[in-house]
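Peer 1: Everything below, folded, please.
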Amino acid sequence: MLRSCEVTISMPLLSLIFLLYLPAISFSKQGEIHEVSKMLDYLVGDDEPSPRYDKTLRPQFGGPPVIVGVTINVDSLGPIDEVNMNFRLDLSFRQYWKDSRLEFRQYDDVNTFDKNLTLSHDFLKRIWVPDTYFPESLKASKQDVMVPNVLIRLSPDGSILYSSRTTVIAKCPMDLQVFPMDTQVCSLIVECYGYTTKDLWLRWHDGNQSVATPDDPGIAQFSVQMFWLKNYTLHFSTGSFSDLEIQFVFKRDLLYFILQSYIPSTIIVVCSWIAFWINRDGIPGRACLSITTVLSLITLIGSTNSKLPNVSAVKALDVYFFICFGYVFGGLLEFATVIYLSTKEKKLAALINERKKKQQEYLNALNQVKDNNLIQDLDIYILSNALELHFGHLSEFETRSMSPLAAVLSEHQRGAGVTPDPKRADMLRRISVAALHPPPPSDLKPRSTVFTASKIELFSRVFFPSSFFTVFTFYWADSSNLLFRIFCFNCWSSIRGWLKRCHNLGSSRIIGWTLNQRSLSHYWCCSVGGFHE
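Peer 2: The predicted model follows:
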């Protein structure tokens, strides 16, 4: 019972004590805020006529250069644009430097303050800041949603942390010779625009730990392999400037191009081989299949290259497309060759059969003339009249010299004079015409050569698949090696070098015209001995 009374009495006492102490706390906080404002006005105030702080002059003006430390936290990376050859970064760009004019540990003889101050972005307008920028950027901007994303932290010893969230679209020159098995290196460079190394030096604030990247940036078609940090000096006509550089190494993911380019082009090539098993007489079907595969591959090549920059370098994907197009177009040429040879063979076989038929008719006519049952004395007159009707009046010498039938007729010409049988007369007339027109000898034979339609078909069925898969194996075994890259580069460089040498040596005459300062005049003419106006 006694304890309950004690608790009941103590609670009002505690509430009373808190209410009495609260105004003292509020007064202390208000006094501290007033003290900080007074201190900042004292440090960076612009009272005339002699301000204590001049933001147009760097710290330690006239003395050693200012050391500006830099750290970068990459919030997001990508996308990487191959067409425009650039990449995007969203980063927190932090700069550290010391300005002894802003020391406030004991800013006057009485007051002492030993806490870090986090200030508004408006404070930047009152102090000196480094003039750093990104020289390789195409576009850079600071984030300002909902307010400018800026952090200013001032330490009692005058050290300043200036952090801003920035979006940068930077240039990234790409080497696409082994595309899409390529690895690209993209750089982000930080440099001072106006202050030379006599006034300002840039340094990585935390050494190799000065840059932080997300574990999984989520870049389409790329993965971040590593990044390097560099620190160097560039020399210009206006002076030497300190530079910092981050080199990101991006490895392209191949799965997308396998699904969208390699597999479809390979399937088109395999479909073109189906024509080798279609009958040669099915010309519409084979023509439709061969032409369709060629047009499909051209469409695939065009759609793929439309997403890539227009560069003169030969890419690894172009090499594969050229190989596929060569096999598809080779199948079309094989179809045309087979149809041509097949048609020629049919015409030759028809001509041979026609000559054999005529030769057989001639031999049958001779046999019937020599038959004793056919040539009688009564029929000589009819046969002579038929010959004269067909050839006109012939002498005995001419009749004898025209065919073997004339020799038979000459033996019976004197005894002719009986009226003929019409059917027998027509038979003798047809026999005489066949006998008097002997066909040429049947010496045509089918050409015995390896280039026949059937042999080319059999050869194509084996050669095209086996050679394609052999080239396919070598392509994937060597495409990511340096030899493949050197081969593609050297081939193109050799062609360009040869053309340049031919141009310089005057192996061809070229006449050019240019617009000079006065008029359109003859500028140069390449001839043996050099250039002459």
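Peer 1: hey, let's count contacts and neighbours off CA atoms from now on
Peer 2: OK.
Peer 1: so the residue nearest to Y232 when sequence neighbours are not counted is in which element?
Peer 2: Distances taken as Cα to Cα, 6 or more residues apart in numbering place D243 nearest to Y232, at 5.4 Å, with adjacent residues excluded. Counting by DSSP states H and E, the element that carries D243 is strand 239-252.
Peer 1: Next SSE downstream of that strand?
Peer 2: Remark: after strand 239-252, the chain's next helix or strand is helix 255-257, criterion DSSP H and E.
Peer 1: For that following helix, buried residues please.
Peer 2: Within helix 255-257, the residues that count as buried by 16 or more other Cα atoms under 10 Å are F257.
Peer 1: Disregarding residues adjacent in the polypeptide, which is nearest to F248?
Peer 2: Closest to F248 by Cα to Cα, 6+ apart is F227, at 4.4 Å.
Peer 1: The one you found touches E245, doesn't it?
Peer 2: No: here F227 does not reach E245: they are 10.1 Å apart, not a contact under Cα atoms under 8 Å.
Peer 1: From the contact counts, what lies against the lengthiest helix in the chain?
Peer 2: Counting residues, the longest helix in the chain under DSSP state H turns out to be helix 316-369. Taking 3 or more Cα pairs under 8 Å, 6 or more residues apart in numbering; DSSP states H and E as contact, the helices and strands that helix 316-369 lies on are helix 263-272, helix 283-305, helix 404-410, helix 422-436, helix 453-478.
Peer 1: Pipe those helices into CSV and attach mean pLDDT, distance to P173 and mean neighbour count per row.
Peer 2: Output for those, formatted as CSV (pLDDT from 0 to 100; distance: least, Cα to Cα, whole Å; neighbours: other Cα atoms under 10 Å):
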stretch, mean pLDDT, distance to P173, mean neighbour count
helix 263-272, 95, 29, 18
helix 283-305, 91, 18, 16
helix 404-410, 46, 92, 18
helix 422-436, 55, 86, 17
helix 453-478, 90, 24, 14
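Peer 1: any chance of those in a markdown table, plus distance to G239?
Peer 2: A markdown table is the format used below for the helices and strands packed on helix 316-369 (distance: least, Cα to Cα, whole Å):
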| stretch | distance to G239 |
| --- | --- |
| helix 263-272 | 55 |
| helix 283-305 | 44 |
| helix 404-410 | 115 |
| helix 422-436 | 110 |
| helix 453-478 | 47 |
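Peer 1: which stretch among these comes nearest L102?
Peer 2: With Cα to Cα, the closest approach to L102 among the helices and strands packed on helix 316-369 belongs to helix 283-305: 57.8 Å.
Peer 1: List the neighbours of that closest one that are in contact with it.
Peer 2: 261, 265, 268-269, 271-272, 275, 278, 321, 325, 328-329, 331-332, 335, 339 (Cα atoms under 8 Å, 6 or more residues apart in numbering).
Peer 1: any residues touching the helix or strand containing L89, and which ones?
Peer 2: In this assignment (DSSP H and E), L89 forms part of strand 86-98. For strand 86-98, the surrounding residues in contact (Cα under 8 Å, 6+ apart) are 59, 66-81, 157-173, 186, 205.
Peer 1: just for the protein, where's the confidence low?
Peer 2: By pLDDT under 70, the low-scoring segments of the chain are 1-32, 34, 46-51, 106-113, 361-450, 478-533.
Peer 1: Distance of D131 relative to R461?
Peer 2: From D131 across to R461, the span is 70 Å (Cα to Cα, to the nearest Å).
Peer 1: Fine by me, we can end here.
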